[in-house]
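Asker: my questions concern the predicted model and sequence given below.
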Amino acid sequence: MNNNKPSFFIVGAPKCGTTALAKYLSEHDDIFMSSPKEPHYFATNFAESMRTAQTEDHYLSLFKNAKKNQICGEASIWYLYSMEAIKNIAKFDPNAKIMIMVRNPTDMIYSLHSQKIYSLDEDIIDFEEAWNLSWERKKGNCIPKRCRESKTLFYHEIANFYEQIQYLYKFFPKSQVKIIEFQKFSKSNLNVYKDVLDFLNLEYDGK
């Protein structure tokens with residue numbers, strides 16, 4: 001077993017810029033990001049098909065190539081929504097630093113629905129119809145046959161950032177949490193990048 005363990009986590013939300021931020025961070029000499037980007041190891045209440053790593057040994061092996069000077073991190077977009085993942089991360093490392101990327105919930109859900117159509121997890125093309133089915137789907141009804149995880153179709157719950165963040169604060173103090181607004185990230189990703197490096201106690205690399 002390797003000694004490299006992730007010390008920071010981008011926990012979501014989906015369609016909020018996590019891929020771009022993870023890519024920027026992966027290019028910093030002092031940071032090692034997992035590959036795949038979204039192992040979802042700690043989301044133990046999600047289907048196995050959604051979790052690339054399902055054992056701790058496998059999970060830690062994702063960071064085995066990190067250099068001695070690098071800090072490790074990962075970006076699994078469903079951790080915040082999973083909630084169980086937050087509890088598991090806190091048990092894994094109570095000193096971990098947590099980053100949350102959020103955007104206007106309406107824009108996020110609309111974009112997520114489009115992605116779900118593309119990935120074949122969703123079979124209702126009309127967004128309003130899919131939204132209205134959220135409550136029925138939580139009861140286990142109307143789940144598309146190809147959907148890998150029905151929880152990712154409970155749109156009304158996925159959009160509830162406030163409740164998810166308040167739950168996270170039960171496990172991590174605000175000093176260990178950084179919330180990033182998608183709109184600010186889009187307008188000035190350089191400033192956000194610098195802020196994130198400061199949050200991680202790393203020097204700006206001039207990129």
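Answerer: Everything's here; your move.

Asker: C-alpha coordinates for the longest helix along the chain, PDB please?
Answerer: Secondary structure of the chain per DSSP state H: the longest helix is helix 105-118. What follows is helix 105-118, C-alpha atoms only, in PDB (Å, rounded to 0.1, in the frame of the first residue of the first chain):
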ATOM      1  CA  PRO A 105     -29.500  25.600  -9.400                       C
ATOM      2  CA  THR A 106     -31.800  26.000 -12.400                       C
ATOM      3  CA  ASP A 107     -28.900  26.300 -14.800                       C
ATOM      4  CA  MET A 108     -27.200  23.400 -13.200                       C
ATOM      5  CA  ILE A 109     -30.200  21.000 -13.300                       C
ATOM      6  CA  TYR A 110     -31.000  21.900 -16.900                       C
ATOM      7  CA  SER A 111     -27.400  21.200 -17.900                       C
ATOM      8  CA  LEU A 112     -27.400  18.000 -15.900                       C
ATOM      9  CA  HIS A 113     -30.600  16.800 -17.500                       C
ATOM     10  CA  SER A 114     -29.000  17.300 -21.000                       C
ATOM     11  CA  GLN A 115     -26.000  15.300 -20.000                       C
ATOM     12  CA  LYS A 116     -28.100  12.500 -18.600                       C
ATOM     13  CA  ILE A 117     -29.900  12.300 -22.000                       C
ATOM     14  CA  TYR A 118     -26.600  12.100 -23.700                       C
END
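
Asker: which residues does the residue nearest to residue 31 when sequence neighbours are not counted contact?
Answerer: Spatial nearest neighbour of residue 31, excluding adjacent residues (Cβ to Cβ, 6 or more residues apart in numbering): residue 25 at 5.0 Å. C-beta coordinates here come from the backbone N, C-alpha and C atoms, glycine included. Taking Cβ atoms under 8 Å, 6 or more residues apart in numbering, we find residue 25 in contact with 31, 33, 73, 196.
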